[in-house]
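>>> got a sequence here, can you build the structure:
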Amino acid sequence: PTHHMHLCPLHVCTPTIMAASVSKYLKGLEARLAALEGKLGVAAPASGAGAEEEEDDAPEWMTAYDELLTGPLATFVATSKTLDAPVAELGAGLQGVFEAVRGVLTLVPKCKKPSPADLFASPAGKTLQTAMKAVS
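Have a look, this model is predicted:
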């Protein structure tokens with residue numbers, strides 16, 4: 001079956017709604033990455049290993065996102081490099097998307113809500129659009 005991630009229209013999302021949506025999506029992705037790791041026979045590093053918080057008062061959802069980046073995603077990317085070139089490219093591309101999303105997420109608590117046009121015109125927005133087209 002085809003799976004589609006539900007993205008609420010950016011003009012109606014609040015940081016709380018976005019954080020909840022991202023958290024739910026990340027938990028699903030983490031489960032899928034863990035299943036893939038199991039099939040490949042690799043173990044994930046300890047959760048959050050080597051993660052550095054940018055701020056002592058980082059939101060819980062940002063800490064969870066960083067743990068995903070340094071845990072399951074890092075393991076997936078490292079494993080993808082050991083496979084053929086298309087899989088390695090997929091791993092590198094996925095890492096780039098997650099890093100772009102992280103860049104946007106760090107701004108959420110600090111910035112006023114951008115217009116959808118401004119968000120989608122940004123480099124992170126263009127990366128997200130490319131990724132969304134690739135999976136639809």
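
>>> next one: the helix or strand W61 falls within to chain centre, how far?
Here W61 is covered by helix 60-68, with elements defined by DSSP states H and E. Here helix 60-68 is found 10 Å from its chain centre; the criterion is C-alpha atoms, centre = their mean, to the nearest Å.

>>> do stretch 90-105 as well
The gap between where stretch 90-105 is centred and where its chain is centred comes out at 6 Å by C-alpha atoms, centre = their mean.

>>> secondary structure element for the most centrally placed residue in the chain?
With distances taken as C-alpha atoms, centre = their mean, the chain has F98 as the residue nearest its mean C-alpha position (3.6 Å). F98 is part of helix 85-107 when elements are defined by DSSP H and E.

>>> would you mind pulling the contact partners of that helix?
Residues from elsewhere that reach helix 85-107 (C-beta atoms under 8 Å, 6 or more residues apart in numbering): 22, 54, 61-62, 65-66, 68-69, 73, 76-77, 79-81, 119, 122-124, 127-128, 131. C-beta: built from backbone N, CA, C; applies to glycine.

>>> in that helix, which residues are buried?
Neighbour-count burial for helix 85-107, counted by 16 or more other C-beta atoms under 10 Å, picks out G91, G93, L94, Q95, V97, F98, A100, V101, V104, L105, T106.

>>> got these as JSON lines, with pLDDT and distance to G38 columns?
Written out in JSON lines, the entries for the buried residues of helix 85-107 read as follows (pLDDT from 0 to 100; distance: C-beta to C-beta, whole Å):
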{"residue": "G91", "pLDDT": "90", "distance to G38": "17"}
{"residue": "G93", "pLDDT": "91", "distance to G38": "23"}
{"residue": "L94", "pLDDT": "91", "distance to G38": "18"}
{"residue": "Q95", "pLDDT": "92", "distance to G38": "20"}
{"residue": "V97", "pLDDT": "91", "distance to G38": "23"}
{"residue": "F98", "pLDDT": "92", "distance to G38": "21"}
{"residue": "A100", "pLDDT": "89", "distance to G38": "28"}
{"residue": "V101", "pLDDT": "88", "distance to G38": "25"}
{"residue": "V104", "pLDDT": "82", "distance to G38": "31"}
{"residue": "L105", "pLDDT": "85", "distance to G38": "28"}
{"residue": "T106", "pLDDT": "84", "distance to G38": "31"}
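
>>> alright, calling it a day.
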